[in-house]
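1. no sequence for this one, just the structure:
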């Protein structure tokens, strides 16, 4: 059985990391969704430079480790005179990395929307941007809610990468507690429980959304 005295003694540490993990997850979630949507539109654009840029972003970011993306911001930016905290660099890196996967999911959703709707919208006077914003993207996002939900759950778990750059997340404080108590197993069991408090409700919500969408076609 885990030693619950560790949880009670270092509860403030756990809670600080827990709250910071929530903040990082929310910020990265919003950032990755917005950036991923833009990249998805680039990917299917008729303008070649935009299409090439979107493809290059997805293929490059998606095929390198998340930790490397975070290091690019944490270690690369100071070389050009920009110094940010581990929390900020980790959150930005997490958003940039997750956006590549979200872009592919949304692109698949856009491609599943009948082309006739795009043609009808443009023939009625809407510009390409307006067509995407008001006609195509609302339908595409609804279609890809299940895979997007899975990406958001992965994003929460991936916040643990912040611990490597002193990002003050849950794993960072777990490492700190373990180094003080030497009770490695007990410490990380409680870290896992805090992660479950975040991910299990998200998994349940994702499952309910998927069932509801399936029910309504």
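-> Nice, I can see it. For clarity, every value in this text was computed on a predicted model and none was experimentally measured.
2. CA atoms for contacts and neighbours, from now on please.
-> Noted.
3. Please name the residues that touch residue 31.
-> Residues counted as contacts of residue 31 (C-alpha atoms under 8 Å, 6 or more residues apart in numbering) are 95, 96, 99.
4. Average the pLDDT values over the helix or strand harbouring the first one and round to the nearest integer.
-> Which is residue 95. In this structure, residue 95 sits in helix 86-112 according to DSSP states H and E. Computed over helix 86-112, the mean pLDDT rounds to 93.
5. where does residue 135 land in three-state SS?
-> In three-state terms, and counting by DSSP: H, G, I helix; E, B strand; the rest coil, residue 135 is helix.
6. give the contact list for it.
-> Residue 135 touches 117, 118, 121, counting by C-alpha under 8 Å, 6+ apart.
7. Make a PyMOL selection of whichever of these turn out to be buried.
-> Remark: buried members of the contacts of residue 135, expressed as a PyMOL selection using 16 or more other C-alpha atoms under 10 Å:
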select buried, resi 118+121
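8. which non-adjacent residue is nearest residue 118?
-> Distance criterion C-alpha to C-alpha, 6 or more residues apart in numbering; nearest residue to residue 118, sequence neighbours excluded, is residue 131 at 6.5 Å.
9. State the pLDDT value of residue 213.
-> Reported pLDDT for residue 213: 69.
10. before we move on, what about residue 134?
-> Confidence score, pLDDT, at residue 134: 82.
11. What of the one 4 residues further on?
-> Model confidence at residue 138, given as pLDDT, is 82.
12. just residue 1 next, same as before
-> Looking at residue 1, its pLDDT stands at 72.
13. Also the one 4 residues further on?
-> Among the per-residue scores, residue 5 holds a pLDDT of 89.
14. Next, please give the residue ranges for the strands of this protein.
-> Counting by DSSP state E, the chain forms no strands at all.
15. Can you show me the helices along the chain?
-> Using DSSP state H, the helices of the chain run over 4-9, 11-43, 48-62, 66-71, 86-112, 115-123, 128-131, 137-143, 145-158, 170-181, 184-215.
16. Can you tell me which of the ones you listed is most buried?
-> Counting by mean count of other C-alpha atoms under 10 Å, helix 86-112 has the highest mean neighbour count of the helices of the chain, with a mean of 24.
17. who does it touch, helix- and strand-wise?
-> helix 11-43, helix 48-62, helix 66-71, helix 137-143, helix 145-158 (3 or more C-alpha pairs under 8 Å, 6 or more residues apart in numbering; DSSP states H and E).
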